[in-house]
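[1] Quick one: sequence and predicted model below, then my questions.
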Amino acid sequence: MSSPYGGRVGNVFGDGDLYMSNGGTKVFVEVLMLAVSASASREWEFRFAALIAAQDQAVFGRGAVGFDLEDLDRGDTSAEHARNKDFVLDTVDLALGRRRWDELGYDPPFARDYLRRFRRLVEGFDPSTAVPRSRGFPATEDVVAVSCARHRVLSPLSYYKACVFCGRDQE
């Protein structure tokens, strides 16, 4: 697969504002899943966890994942927007704090940079100007509050019975 990013193959997040190689995407997803699994408790938060899980290239293909912030269903009111934005920022901060990174089995040298860049995108995003282009945010009926007993992370997609680490173990 060719890319507008100098021929590199990878994935794009935030409407093209954050490009990551396939390996970088894998790390980004893993560190975010560790964090979101520790903090999700409301329906919207489980939907966000499902969005992150849907970036698992072991299931959905290398170079075939990514999402735009415009496609997130942030809620109907400004209070819901703020609450959901705070959840995403808090989740990123938890990941930046290296939550459970010792369990990764490797040192992710670029993860903090990806997380900081993603955090800046989320902070600066204005949902009032968003024009959703796709159904990228998982619907409530596609999300389950299920955790992988082996890896202790959410496996929130109803049609995907493994977690992002189970897929990694089979590569």
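    Arrived safely.
[2] what's the closest non-adjacent residue to E103?
    Of all residues beyond its chain neighbours, the one nearest E103 is L34 (7.5 Å), with distances taken as C-beta to C-beta, 6 or more residues apart in numbering. C-beta coordinates here come from the backbone N, C-alpha and C atoms, glycine included.
[3] what does A139 give?
    R47 (7.8 Å).
[4] which ones are touching that neighbour?
    Counting by C-beta atoms under 8 Å, 6 or more residues apart in numbering, R47 touches 73, 137-140, 143, 156.
[5] rerun that using 7 Å as the cut-off
    Shown in contact with R47 (C-beta atoms under 7 Å, 6 or more residues apart in numbering): 137-138, 140, 143.
[6] again with D17
    Counting by C-beta under 7 Å, 6+ apart, D17 touches L121.
[7] Equivalent analysis for V122, please.
    Contacts of V122 by C-beta under 7 Å, 6+ apart are 69, 85, 88-89, 92.
[8] coming back round to it: pretty sure the residue nearest to A139 sits in a helix.
    Yes: assessed with DSSP: H, G, I helix; E, B strand; the rest coil, R47 lies in a helix.
[9] Which parts of this protein are strands?
    Assigned by DSSP state E, the chain shows strands spanning 10-13, 18-21, 147-148, 153-154.
[10] Which elements pack onto the last one?
    Contact partners of strand 153-154 among helices and strands, from 3 or more C-beta pairs under 7 Å, 6 or more residues apart in numbering; DSSP states H and E: helix 22-39.
[11] swap in the second one?
    Judged by 3+ C-beta pairs under 7 Å, 6+ apart, the packing partners of strand 18-21 are strand 10-13, helix 111-124.
[12] Worst mean pLDDT among the ones you listed?
    Ranked by mean pLDDT, the helices and strands packed on strand 18-21 bottom out at strand 10-13, with a mean of 58.
[13] Just want the most central residue of this structure.
    I52 (2.8 Å; C-alpha atoms, centre = their mean).
[14] contacting residues for it?
    The contact partners of I52, taken as C-beta under 7 Å, 6+ apart, are 29, 32-33, 36.
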